[in-house]
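Trainee: Next comes the sequence, and after it the predicted model I'd like to discuss.
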Amino acid sequence: MGNSKTVRFKIKRQASPAAKSYWEEFELPRHSGMNVISSLMEIAGNPVTRDGRTTTPVTYDSNCLEEICGSCAMLINGKARMACSALVDKLDQPIRLEPFSKFPVVRDLAVDRSVLFENLKAVKAWVPIDGSYDLGPGPRLTMQDQEAAYPLSRCISCCCCMEACPQFNEETNFVGAAAISQVRLFNTHPTGSALKRERLSALMGDGGIHECGYAQNCVEVCPKDIPLTRSIAEVGGAVMKQAIGDLFRK
Amino acid sequence: MNGKYETHEHDVLVIGAGGAGLRAAIEALAQGASVGVVCKSLLGKAHTVMAEGGIAAAMANVDEADDWRAHFRDTIRGGKFLNNWRMAQIHAQESSERVRELEQWGALFDRTKDGRILQRAFGGHTFKRLCHVGDRTGLEMIRTLQDRGVQMGFDVYMECAITRLLKDGDRLAGAFGYWRENGRFVVFKAKSVVLATGGIGKAWPITSNSWEYTGDGMALAYDAGAELMDMEFVQFHPTGMVWPPGVQGILVTEAVRGEGGILRNKTGERFMERYDPKRMELSTRDVVARAIYTEVREGRGTEHGGAYLDISQKPAEYVKRKLPSMYHQFLELADVDITKGPMEVGPTCHYMMGGVKVEADTAASTVPGLFAAGEVAAGLHGANRLGGNSLSDLLVFGRRAGLVAAQHAKATVAPSLDPGQIDSAERAMLAPFERKEGESPYALHSDLQENMQKLVGIFRTEEDLRQALTKIEELKERSQRMSVSGSRMFNPGWHLGRDLESMLTVVEAVTRSALARQESRGAHSRIDYPDLDLSWGKQNNVIARKNERMELRQVPIPDMPEDLQVLLTEEKGSAA
């Protein structure tokens, strides 16, 4: 904080997935309205460290700069959040930038988040329709149902909820809050609900919903305020009901 | 084949993973083709996610009188009669089906009271026509298409940039590119290639477009011998943020002026009094744009080359209630509190109507095996695009491109790759590393942007355009001396250097076309030719590469069949 004329950054660097990480410091002139992404762009244009040494530009993912694409998630002063909406004036200095700790580092601040797609595949987060042909008018959906599902569809696949979750790690294989919330979304969808049973079954196995420890970190870090804990509770209830039902059917 | 490079083979290679690219990939997969999708950024993060307004489709859920004929008429009028009428017809006829399909795949549209897709009004559309998901329709579209693509199983090559299309004689044979992460080269062999790379906003300093928008597809197509059309038609929004950098280019909705926002120049003067004393800030878009342009041009602009737009004289609670997303967005992204002080705004580059010339029904370019869909293609929007018509464009022509690309792949034998072309593409990419102490790609880019902003912006004159062409020639020469330091491991300067080549090709095409068209029509405003010219209304500017030079010619617009002409005259409009 403070009103000094410059802003200091401490950035964790890593040249390749297997390389050792190290820290570098940068200092930029302060101007109003700076955020972490605009600062990283400035560094890329003139990659010189605080002690005057020329270095390589810092690698990071970004795209829309409007907090809608979900690319620029990273750890900022230890917290999983989007860099485009992280205002420099509101952060303690030096501002520490690190890659997500639970995803393989590609380079510097860029990590491989493809596990999210694997998890969405595992829970069949789609509507099962074959081919493409004229489907006629779609099923009616009430305004109330649409409004109830709307917050769930705001997910921008940033993976902040997974990074912040204590249970999301290699030991548990936990699918994470984002995928569970998508199960809730598709299970309430008029045609998507056809796969309801399969989605719930997928959440019973390895890395399933029982791994959630209710730490509630997910809902706290979600940049889109998705009611993730409510999704987990609701889907958890449905999984339980189905499991008991299956037991009696045997 | 040359064992030197990592090589992937597909029936259909789609370049770009926005709405058009994903829709094309899904359709090609449905045809049984093997499909690869290459994208510069991550899957699901393409520029399409930023679209807010909605998808235009004459579903008549809200206004029962709407039908494709009315949508067709609106599109042609908006495009000032320069559209490819067949594309406008197909688009109007097929967009409803594409929306329904998206709904079936899981897109969660806002609803009417009786449970159907809700449609809202939008500028230029006679009826309530835009199917939307709150103010984030683009994100919903991408998420739905991405989920479906993941289900169907396409191969995605993320953070990979294509630098050259490879040919086998006259036909397309594949593409050469590099991985952004490690700088290694990669070769794709494909029977069909679909370009879905979007627009060219990054050639201007103030743009609402994402960093990926460097005109790659248009330049790749041009280099491969395809034609570009309507390149003079670049859509600017009159008010985008020009400062601070974190929000530069982001649109400031017209509602800010509607709710009482006041425009001032750097001397504090409310300059609209001189341009439209009656309507002031509520004047039409073109008058406001021209007023800001003139103030900046005559030295009365703000520090960062815009005008002040101030709504802070209104009570803070009023602003927060009337403009909630504007208020939150600028506060969260740049700590700008619009209830406390003025914004700095100016024209922001938003959309490219021109692009690769394609056949309406097939999305085929003039090069066999090369297709283009979405913003990279020209024709549908003519001289100006209506809001909402871009998302429907992606779905309608993305699908058609994917379909025909797959059929084309089925009907042809595998092409062979020419090692000579691949080697030359590699040498071109490595050249900047071999030069020492040359031009910096960053400096070149900022000079290019400044040139375009000053001379080929929202208002144009012959003098400016001629000067711009001279500057572009200089920039092209300087780019031959461009040097890059460091390694090929994620090197943004190197990446920018390659993007710059695409931008240089495209801005030259834009400037030449703008110079040729001696009239004002749609998004092309010539101060020295302020009126519509009937003869220019009958032809498109088309650009092709001839003997290493850019050749421009005028191509007459084919006559519209009578049954479509009738639709336009049914109800007389105010347009040309």
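Mentor: Sure, I can see it.
Trainee: how about the helices of the stretch 1-150 of chain B, start to end?
Mentor: Per DSSP state H, counting those that start in this stretch, the stretch 1-150 of chain B carries helices over the ranges B:19-30, B:68-78, B:85-104, B:137-152.
Trainee: and the one residue sitting closest to the centre of chain B, what does it touch?
Mentor: Centroid check for chain B by C-alpha atoms, centre = their mean gives residue B:199 as the closest residue, at 3.1 Å. Taking C-beta atoms under 8 Å, 6 or more residues apart in numbering or on different chains as the criterion, residue B:199 is in contact with B:47, B:209, B:213, B:215, B:351-352, B:355, B:375-376. Where C-beta positions appear, they are placed from N, C-alpha and C, glycine not excepted.
Trainee: care to break chain A down by domain?
Mentor: What automatic domain parsing lists as the domains of chain A is A:6-111, A:114-249.
Trainee: By mean pLDDT, show me the worst of the ones you listed.
Mentor: With a mean of 90, domain A:114-249 has the lowest mean pLDDT of these.
Trainee: is any part of it close to chain B?
Mentor: Yes - contact between domain A:114-249 and chain B is present through A:117, A:120-121, A:124-129, A:131-132, A:134-138, A:140-143, A:145-146, A:149-150, A:153-157, A:185-186, A:189, A:191-192 (criterion: C-beta under 8 Å from any C-beta of the partner chain).
Trainee: Would you show me how to pick out the buried ones of those in PyMOL?
Mentor: Burial among those is assessed by 16 or more other C-beta atoms under 10 Å in any protein chain shown; the matching PyMOL selection reads:
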select buried, chain A and resi 117+120+121+124+125+126+127+129+132+135+138+141+145+146+149+150+153+154+155+156+157+185+186+189+191+192
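Trainee: if I look at residue A:224, how far off is residue B:333?
Mentor: Using C-beta to C-beta, to the nearest Å, residue A:224 is found at 14 Å from residue B:333.
Trainee: Neighbour count: these two, which is higher?
Mentor: Neighbour comparison, residue A:224 and residue B:333: the larger count goes to residue B:333, with 25 against 19 (by other C-beta atoms under 10 Å in any protein chain shown).
Trainee: Now the helix or strand hosting that one: average pLDDT?
Mentor: In the assignment (DSSP states H and E), residue B:333 maps to helix B:324-334. Averaged across helix B:324-334, the pLDDT comes to 88.
Trainee: Determine if any part of whatever helix or strand comes next after it is in contact with chain A.
Mentor: Going down the chain from helix B:324-334, the next helix or strand is strand B:343-352, by DSSP H and E. No - for a cut-off given as C-beta under 8 Å from any C-beta, strand B:343-352 has no contacts with chain A; the smallest distance is 10.5 Å.
Trainee: Neighbours of residue B:180, how many?
Mentor: 23.
Trainee: Break chain B into its domains for me.
Mentor: B:6-234+B:351-411, B:237-349, B:419-531.
Trainee: how far out from the middle of the chain is the longest one?
Mentor: Put plainly, it is domain B:6-234+B:351-411. 10 Å (C-alpha atoms, centre = their mean, to the nearest Å).
Trainee: just the last one next, same as before
Mentor: For domain B:419-531, the distance between its averaged C-alpha position and the chain's averaged C-alpha position is 17 Å (C-alpha atoms, centre = their mean).
Trainee: One more: the second one?
Mentor: Averaged C-alpha coordinates place domain B:237-349 at 24 Å from its chain's average position (C-alpha atoms, centre = their mean).
Trainee: Distance of the residue nearest to the centre of chain B relative to residue B:47?
Mentor: Distance from residue B:199 to residue B:47, counting by C-beta to C-beta: 8 Å.
Trainee: tell me, what's touching those two both at once?
Mentor: With C-beta under 8 Å, 6+ apart, residue B:199 and residue B:47 have common neighbours B:209, B:213.
Trainee: okay, now the residue of the stretch 51-200 of chain B found nearest chain A: neighbour count?
Mentor: Residue nearest to chain A within the stretch 51-200 of chain B: residue B:115 (3.3 Å; C-beta to the nearest C-beta). By the criterion of other C-beta under 10 Å, residue B:115 has 18 neighbours.
Trainee: Now it. Nearest residue, chain neighbours left out?
Mentor: Once flanking residues are discounted, residue B:115 sits nearest to residue A:140: 3.3 Å by C-beta to C-beta, 6 or more residues apart in numbering or on different chains.
Trainee: three-state assignment of residue B:474?
Mentor: On the three-state scheme (DSSP: H, G, I helix; E, B strand; the rest coil), residue B:474 is labelled helix.
Trainee: what about it, distance to residue B:496?
Mentor: 18 Å.
Trainee: Residue B:325 too?
Mentor: Between residue B:325 and residue B:496 the distance is 32 Å, computed by C-beta to C-beta.
Trainee: More neighbours: those two, which one.
Mentor: residue B:496 (22 against 12).
Trainee: Secondary structure element holding that one?
Mentor: Per DSSP H and E: residue B:496 is located in helix B:492-516.
Trainee: and that helix, what does it pack onto?
Mentor: Helices and strands touching helix B:492-516, by 3 or more C-beta pairs under 8 Å, 6 or more residues apart in numbering or on different chains; DSSP states H and E, are strand B:160-168, helix B:216-223, helix B:419-434, helix B:441-455, helix B:462-480, strand B:539-546, strand B:549-556.
Trainee: List the buried residues of the third one.
Mentor: Of the residues in helix B:419-434, those scored as buried under the neighbour-count criterion (16+ other C-beta under 10 Å) are B:421-422, B:425-426, B:429, B:432-433.
Trainee: try the last one
Mentor: Within strand B:549-556, the residues that count as buried by 16+ other C-beta under 10 Å are B:550, B:552.
Trainee: likewise the fifth one?
Mentor: Across helix B:462-480, burial judged by 16+ other C-beta under 10 Å covers B:464-465, B:467-469, B:471-472, B:475-476, B:478-479.
Trainee: That's all I had, so thanks and see you.
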